[in-house]
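K.L.:
pasting the sequence and the predicted model now:
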2 protein chains.
Amino acid sequence: MPWTIDDLDTPAVLVDLDRVEANLARAQAYADAHGLRLRPHIKTHKIPALARRQMELGAVGITCQKLGEAEVMADEGLDDILLTFNLLGAAKMRRLVDLARRVRLGVTADNAVVAGELAQAMDEAGLTLPVLVECDTGGERCGVQTPEEAVELAKLIDGLPGLHFLGLMTYPAKGRTAETAAWLEAAVAALAAGGLEPEVVSTGGTPDLYRAHEVKAATEHRPGTYIYSDRYQAQQGVGTLDDCALRILSTVVSRPSDGRAILDAGSKTLSSDTLGLEGFGHILEYPQLLLAKFSEEHGHVDCSASNARPRIGERVTILPNHACVVSNLHDVVYGVRGDRVERAFRVEARGRVQ
Amino acid sequence: MPWTIDDLDTPAVLVDLDRVEANLARAQAYADAHGLRLRPHIKTHKIPALARRQMELGAVGITCQKLGEAEVMADEGLDDILLTFNLLGAAKMRRLVDLARRVRLGVTADNAVVAGELAQAMDEAGLTLPVLVECDTGGERCGVQTPEEAVELAKLIDGLPGLHFLGLMTYPAKGRTAETAAWLEAAVAALAAGGLEPEVVSTGGTPDLYRAHEVKAATEHRPGTYIYSDRYQAQQGVGTLDDCALRILSTVVSRPSDGRAILDAGSKTLSSDTLGLEGFGHILEYPQLLLAKFSEEHGHVDCSASNARPRIGERVTILPNHACVVSNLHDVVYGVRGDRVERAFRVEARGRVQ
């Protein structure tokens, strides 16, 4: 007898493997068609087996946000890793040196303090670490603020022992592809004027993944959410709700009043991220019902807009607003095809905050 | 050489054990003074050692929201557990029977479907399970809607094999103690008219913990957050910011512009819960800085309101808006007294969604 979704207790996180394959193939084909290298960000799934699948399909390496994630991935055979987070402190430097000894590793930096610590650690270990200068091309998070600052930091890195200036990296602002392209083009020109040539110019993000080729200077792109997609990405026009591979199976545990249903999945299962959307998720079987409110363990459903209302004990399927944060809440997700449960995946890199 | 906070890498979750002791002692003294039994909700800490400490100080038992949490606590010697969540399905019934065989267990129910499943499972196992009728006294989550419905469900439970009607339970609406008191008083009177006497009337919540005695019908209270407190509880007047025992140690990793600092702690470390507060947490060392935005791994600090601004590499301490959700994000938290790290606690019941 096959193991089916009906055999799973709730709440449970399902990952539809056919949809995963389709999402990965679409992005890889796009990247190949445009001569862009794909370096998927594993923050979305945090599962080594899925990272390996991304590599099999043509990714040039993976991206991690935390050293702890990179260590897990390295343990599982992923051997080309970009760490896109400013690293500081003796403990992290020790771990970084260990990691640089066993995989092809690159990092980013947006300031001289970080570059200095990296250089000292690598030089003392007799290693040379490739570094991308993180650029704030409009995302207003980390990153040097102007192409001139990028050149200044690149020159500093280029001159430090233990470091190799590899190029530029940005996490671009959504919907501002033209500005990103202009910023990076100006930076590449300014670098050239200073005698430096970036080997890698790395952009990222799923919402504008299919416009990545419009950033002419870019050599690689680091999409994360595209593997699972979610309600937010569908709203942004990256596929449809039907492309969402990550779903939460949940049971209706209470119908306290005619207009209210309570699910056994709340913010501990889906997070309280709304990303500006109405409601905390989309209920596939009852698209007119509003997932109006979350307690940690309760999903509050407003049934007032629909005559079709679920009964106590009924199971429903929720598409989350934001897939990445769901991965981080769960130790295990279930790989399914149709109704069949193919395997359980341990979310091995979840919770690695350092 | 003692292990100190300076030896910890960041981000790290600190639990100040002196503050924990003070918070626990204050609540227990209050409950004792008013003849209320305390049955702490472990959802806030999810750590067996802290649950045992709550018992040592006088709690009559603990509350869990999930069967998986209760199983972890039972494994660690906690032997009086109330499960305040409607349980459904064959898998949960099997686990519940196993648990009922090894600890003193009570559950709640707010509908006949749940009561029926519980009764069948317990009767088949030759057990009798105490059940509280969950009442919606204004919180608008689960619960029967009227005292009359409470009586109806109580009678059903009283008549079912395998179940024992134990009393009433509510998770009351914040700030509506008088309504909660009136609702429960009416329900107790209606039960009495029907020949039923509740042995337990259980209320909950930290915001109104110190008004629990105003609910005259209540025999026990189930506070959760009080052990750690958080920014939200302080805003509600339950202690002050100084009473917050759970803190996040974080490093400034970037100062991209004069008005912006970026921390190595974002929604993966603190959650994106605001609970209606401004900002995603309170920075102890820089109370005028606004933790304005979270990415998963980045905390975006708006420095514009202050001349005192942190430098790259500096460590800061964040009080979270909501402590419970922080516990669920971390495998380990550090018990500290002053600057000394006394021990690491595994958050053993985290992530138990089923």
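P.N.:
Received, thanks. Everything numeric in this text was worked out from a predicted model, so none of it was measured.

K.L.:
CA only for contacts and neighbour counts going forward, please
P.N.:
Will do.

K.L.:
so residue A:162 touches residue A:127, yeah?
P.N.:
Yes: because the distance of 5.8 Å satisfies CA atoms under 8 Å, residue A:162 is recorded as touching residue A:127.

K.L.:
in the stretch 201-350 of chain A, which spans are helices?
P.N.:
A:231-235, A:267-270, A:323-329 (DSSP state H, counting those that start in this stretch).

K.L.:
strands of the stretch 51-200 of chain A, start to end?
P.N.:
A:62-64, A:80-83, A:104-109, A:129-134, A:163-169, A:200-204 (DSSP state E, counting those that start in this stretch).

K.L.:
the fifth one pairs with which strands, and in what direction?
P.N.:
If I follow you right, that is strand A:163-169. Note on strand A:163-169: by DSSP bridges, its sheet partners are strand A:129-134 (parallel), strand A:200-204 (parallel).

K.L.:
save those as CSV, and put in mean pLDDT and mean neighbour count too.
P.N.:
Converted to CSV, these look like this (pLDDT from 0 to 100; neighbours: other CA atoms under 10 Å in any protein chain shown):
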stretch, mean pLDDT, mean neighbour count
strand A:129-134, 98, 26
strand A:200-204, 98, 23
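
K.L.:
reformat these as TSV; add distance to residue B:205.
P.N.:
Formatted as TSV, the strands paired with strand A:163-169 follow (distance: least, CA to CA, whole Å):
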stretch	distance to residue B:205
strand A:129-134	45
strand A:200-204	43
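
K.L.:
returning to that earlier point: comparing residue A:162 and residue A:127, which residue is more hemmed in?
P.N.:
Taking neighbours as other CA atoms under 10 Å in any protein chain shown, residue A:162 and residue A:127 compare with residue A:162 leading, 22 against 16.

K.L.:
residues making contact with stretch A:185-201?
P.N.:
Contact with stretch A:185-201 is made by A:132, A:146-148, A:150-151, A:155, A:165-169, A:216-220, as judged by CA atoms under 8 Å, 6 or more residues apart in numbering or on different chains.

K.L.:
now that stretch: buried residues?
P.N.:
For stretch A:185-201, the buried set under the neighbour-count rule, 16 or more other CA atoms under 10 Å in any protein chain shown, comprises A:185-188, A:190-191, A:196-198, A:200-201.

K.L.:
again, but for stretch A:274-284
P.N.:
Result for stretch A:274-284 [16+ other CA under 10 Å]: buried residues A:274, A:279-283.

K.L.:
have a look at those and tell me the least confident one.
P.N.:
The pLDDT minimum for the buried residues of stretch A:274-284 sits at residue A:274, where the score is 91.

K.L.:
return the residues in contact with it.
P.N.:
Contacts of residue A:274 (CA under 8 Å, 6+ apart): A:280, A:321-322.

K.L.:
show me which residues of the stretch 201-350 of chain A are close to chain B?
P.N.:
A:253-257, A:262, A:268-269, A:271-273, A:296-298, A:300, A:312-313, A:325, A:328-331 (CA under 8 Å from any CA of the partner chain).

K.L.:
filter these down to the ones in strands?
P.N.:
A:253-257, A:262, A:300 (DSSP state E).

K.L.:
A helix includes residue A:26, no?
P.N.:
Yes: checked against DSSP: H, G, I helix; E, B strand; the rest coil, residue A:26 lies within a helix.

K.L.:
got the contact list for it?
P.N.:
Applying CA under 8 Å, 6+ apart to residue A:26 gives no contacts.

K.L.:
would you mark the buried spots in stretch A:74-87?
P.N.:
Neighbour-count burial for stretch A:74-87 [16+ other CA under 10 Å]: A:74, A:78-87.

K.L.:
export those residues to a markdown table and tack on pLDDT and distance to residue A:24?
P.N.:
Output for the buried residues of stretch A:74-87, formatted as a markdown table (pLDDT from 0 to 100; distance: CA to CA, whole Å):
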| residue | pLDDT | distance to residue A:24 |
| --- | --- | --- |
| A:74 | 98 | 21 |
| A:78 | 98 | 17 |
| A:79 | 98 | 20 |
| A:80 | 98 | 18 |
| A:81 | 98 | 19 |
| A:82 | 98 | 19 |
| A:83 | 98 | 21 |
| A:84 | 98 | 21 |
| A:85 | 98 | 24 |
| A:86 | 98 | 28 |
| A:87 | 98 | 30 |
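
K.L.:
out of those, which are close to chain B?
P.N.:
A:86-87.

K.L.:
chain B: which of the buried residues of stretch A:74-87 is nearest?
P.N.:
Distance to chain B, by CA to the nearest CA, is smallest for residue A:86 among the buried residues of stretch A:74-87, at 6.0 Å.

K.L.:
what's the closest non-adjacent residue to that closest one?
P.N.:
Nearest residue to residue A:86 in three dimensions, chain neighbours excluded: residue A:109, at 5.3 Å (CA to CA, 6 or more residues apart in numbering or on different chains).

K.L.:
over to residue A:137?
P.N.:
residue A:180 (5.4 Å).

K.L.:
what do you get for residue A:212?
P.N.:
Residue A:212's closest residue in space is residue A:221 (CA to CA, 6+ apart), at 7.0 Å.

K.L.:
quickly list what the one you found is bridged to.
P.N.:
Here residue A:221 sits in beta bridges with residue A:38, residue A:203, as judged by DSSP bridges.

K.L.:
and it, what does it touch?
P.N.:
By CA under 8 Å, 6+ apart, the neighbours of residue A:221 are A:36-40, A:202-205, A:209, A:212.

K.L.:
with residue A:55 instead?
P.N.:
Applying CA under 8 Å, 6+ apart, the residues near residue A:55 are A:61-62.

K.L.:
next, work out how far apart it and residue A:35 are.
P.N.:
Distance, residue A:55 to residue A:35, using CA to CA, to the nearest Å: 16 Å.
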